[in-house]
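K.L.:
I would like the atomic coordinates for the input below:
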Amino acid sequence: MGESDFRPKTSLNIDVLGSSIRISVEEEPEYLNKLLETFKQKLENTGKTTGLSDPLKTAILTGFILCDELEKALQDGHKASIQEKDHKAAEELALKLISRLDNVLEEKKDDPQEMIRIFKLKNSVKNYDWGSSDWIPRLLGENNEGQNPWAELWMGIHPEGPSMIMPQEGLSPREGAGPLPLSELIAEDPQFYLGEEAAKSFGTLPFLLKILAVEKPLSIQAHPNLNQAREGWERENKNGIALEAPNRNYKDANHKPEFLCALSPFLAMAGFRETSEIRAQLESFLENAPGSLQDEMTLLFYALEGTVNPLKEFLRELFSLPKEILEALGSYATQGSYAAQGSYAHKQEALKDEWKLIAELAMTYPGDPAIISPLYLNLIKLNPGEAIYLPSGVPHTYVYGLGVELMANSDNVLRGGLTSKYVDLEELFSILDFNPYKPTIIIETGMKEAGANYFQYPVLCREFSLSVIRGGEMSCPLTLPIVIIITRGELRIKGKGQEISLKRGESAFIPPGNEDLRLYGDFTLYAAGIGSSPEKQGEP
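P.N.:
Reported below is the predicted structural model:
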């Protein structure tokens, strides 16, 4: 035996990949510690220069770089300057690290967290006056003891209501930790959690998914396009208007195209009618009105007959009506004298939905000029599963019903009536599209596989897409990442030796890397994903 065979072993702890590696080698502690410090410095440098956040990838690349440096040093004729013990110790340490990496890779292959990554979400509820005290609590299976109106359930990363990832064995990125904001999870490694293209384009989740429970009409509103949002955001910041100020129009620098899919019979108003249709509707509505009221409304008809932006001038005249005229208009609407029998019976039948809604709005929003909005905005009736897309600049409101709403990740709202909140009419006029527009009702049709029914709604929007899957068994057809919510039944997801269940009202974030999932059960799910077709940016 040589002298080295009796040399005492030195133990060394190395923290790599979040694990503590303990090795024993026949070297002096000072030398091994120096070697370890060099390795750690290399790890740090590799992470900084490459931007890698995954410790496994960083360690593998660092090992490759060290091997490259050693090989070049040997080839350059510096072999004699490298002491034999240095080479032997480095080789022994490298072999042990490689062995440990093999073990870690094997452990990761068998780790449930690596098998499937599906993160259940805890979402924010918005309690607005127009919401229902029953519909969202019933969907979630929760009690609403205070009977507060639950208007919106937000699923996404918007700072006003971010979703939280709940600790869950085998699925949570933080075993034993508390809830983690979805935004923070994605920020740890956007490329991993969003995919390379989405991470490069957006850097985070670009959409906001909602459940809307509309028991009373929302305010009439419109949303800016991308250029308008950026300009308005910068201007209001420059003017020192606080984000929480009631006169703040722009909460962020993003546009807000929207998509609404009905879960129940749903009534909305959206887009300007043709000027000729507005004029005919207004004439019918005012035919039984007192002469004084008819005289005061004459300017509205003149505006509609104009040749330069008649819809804009019509709205300007409507919102300029004196208070006493608006009160008289509301009184006339609630009395129902416009719906008198006799020669107007056929008109009453044709316009009964509009006139009934006008009366309801007049009682809810007395003195508001937009109570006659059913005459100048299109009434849209949706059956469950039917949907509409609302580009930027289109005036709209939701009147009644439960629905899934999907939008770009923004909270920019400019109001145009039916509200007690701030209305900046000039700013609204600057972002409105004053062209007649009637949204196309998109009817759900499906591609069937093994008893399941899958449908992706056709929407030309860069930030988002919406799909629905109803029951059965099928390979997951969705392009990841997605946020899903179960609106009926229970979904079982199988993948890589693991099964997860999501019941009615539960939602989850599913990042890329789960492409081999299979779906089972009697369920309905709605899935929000990133759009594949770019919308024209900066245009309404």
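K.L.:
now name the helix or strand holding the most centrally placed residue in the chain.
P.N.:
With distances taken as Cα atoms, centre = their mean, Leu208 lies nearest the centre of the chain, 1.7 Å away. Applying DSSP states H and E as the criterion places Leu208 in strand 207-214.
K.L.:
which outside residues touch the next helix or strand after that strand?
P.N.:
Next in sequence after strand 207-214, counting helices and strands by DSSP H and E, comes strand 221-222. With contacts defined as Cβ atoms under 8 Å, 6 or more residues apart in numbering, strand 221-222 is touched by 392-397, 413-416, 428, 431-433. Yep, even glycine has a C-beta here, placed from its N, CA and C like the rest.
K.L.:
which is the next helix or strand following strand 221-222?
P.N.:
Toward the C-terminal end, the helix or strand that comes next after strand 221-222 (DSSP H and E) is helix 226-238.
K.L.:
which parts of that next one are buried?
P.N.:
For helix 226-238, burial by neighbour count (16 or more other Cβ atoms under 10 Å) applies to 226, 228-230, 232-233, 236.
K.L.:
ok, stretch 140-159 next?
P.N.:
Across stretch 140-159, burial judged by 16+ other Cβ under 10 Å covers 140, 144, 149-158.
K.L.:
from the residues you listed, which is closest to Pro190?
P.N.:
Ile157 (11.3 Å; Cβ to Cβ).
K.L.:
quick one: pLDDT of the residue lying closest to that closest one once chain neighbours are set aside?
P.N.:
Residue nearest to Ile157 in three dimensions, not counting chain neighbours: Ser183, with 3.8 Å by Cβ to Cβ, 6 or more residues apart in numbering. Looking at Ser183, its pLDDT is 94.
K.L.:
can you count the residues close to Ser183?
P.N.:
16 (other Cβ atoms under 10 Å).
K.L.:
quick one: contacts for it?
P.N.:
By Cβ under 8 Å, 6+ apart, the neighbours of Ser183 are 157, 159, 162, 204-205.
K.L.:
what separates it from His255, distance-wise?
P.N.:
Going from Ser183 to His255 by Cβ to Cβ, to the nearest Å gives 20 Å.
K.L.:
re earlier: surely the residue nearest to the centre of the chain touches Leu153?
P.N.:
No. Look at Leu208 against Leu153 with Cβ atoms under 8 Å: they stay out of range, at 11.0 Å.
K.L.:
that older thread, got the CA positions of the strand holding Leu208 in CSV?
P.N.:
What follows is strand 207-214, C-alpha atoms only, in CSV (Å, rounded to 0.1, in the frame of the first residue of the first chain):
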residue,chain,number,x,y,z
PHE,A,207,-55.1,37.9,-20.0
LEU,A,208,-57.6,38.1,-17.2
LEU,A,209,-60.4,35.5,-16.9
LYS,A,210,-63.6,36.3,-15.0
ILE,A,211,-66.9,34.9,-13.9
LEU,A,212,-69.5,37.7,-14.1
ALA,A,213,-72.8,37.6,-12.1
VAL,A,214,-74.9,40.5,-13.4
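K.L.:
list the buried residues in it.
P.N.:
Those would be 207-214, for strand 207-214 by 16+ other Cβ under 10 Å.
K.L.:
counting contacts, what elements does that strand pack onto?
P.N.:
For strand 207-214, the elements it packs on are helix 135-140, strand 152-155, strand 396-408, strand 482-495, strand 523-529, judged by 3 or more Cβ pairs under 8 Å, 6 or more residues apart in numbering; DSSP states H and E.
K.L.:
could you redo those as JSON lines and give each row distance to Ile371 and mean pLDDT?
P.N.:
Output for the helices and strands packed on strand 207-214, formatted as JSON lines (distance: least, Cβ to Cβ, whole Å; pLDDT from 0 to 100):
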{"stretch": "helix 135-140", "distance to Ile371": "26", "mean pLDDT": "97"}
{"stretch": "strand 152-155", "distance to Ile371": "24", "mean pLDDT": "98"}
{"stretch": "strand 396-408", "distance to Ile371": "12", "mean pLDDT": "97"}
{"stretch": "strand 482-495", "distance to Ile371": "33", "mean pLDDT": "96"}
{"stretch": "strand 523-529", "distance to Ile371": "33", "mean pLDDT": "97"}
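K.L.:
TSV for the ones you listed, including distance to Gly306?
P.N.:
Shown next, in TSV, are those (distance: least, Cβ to Cβ, whole Å):
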stretch	distance to Gly306
helix 135-140	43
strand 152-155	39
strand 396-408	24
strand 482-495	46
strand 523-529	42
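K.L.:
closest one to Lys42 among those?
P.N.:
Smallest distance to Lys42 across the helices and strands packed on strand 207-214 (Cβ to Cβ): 36.1 Å, for strand 482-495.
K.L.:
check which element follows that closest one along the chain.
P.N.:
strand 498-503.
K.L.:
need the contact list for the closest residue to the residue nearest to the centre of the chain other than its chain neighbours.
P.N.:
Nearest residue to Leu208 in three dimensions, chain neighbours excluded: Gly156, at 4.1 Å (Cβ to Cβ, 6+ apart). For Gly156, the contact set (Cβ under 8 Å, 6+ apart) comprises 162-163, 182, 205, 207-209, 409, 483.
K.L.:
which pair of those residues spans the longest distance?
P.N.:
Longest span within those, Cβ to Cβ: Pro162 and Phe207, 13.4 Å.
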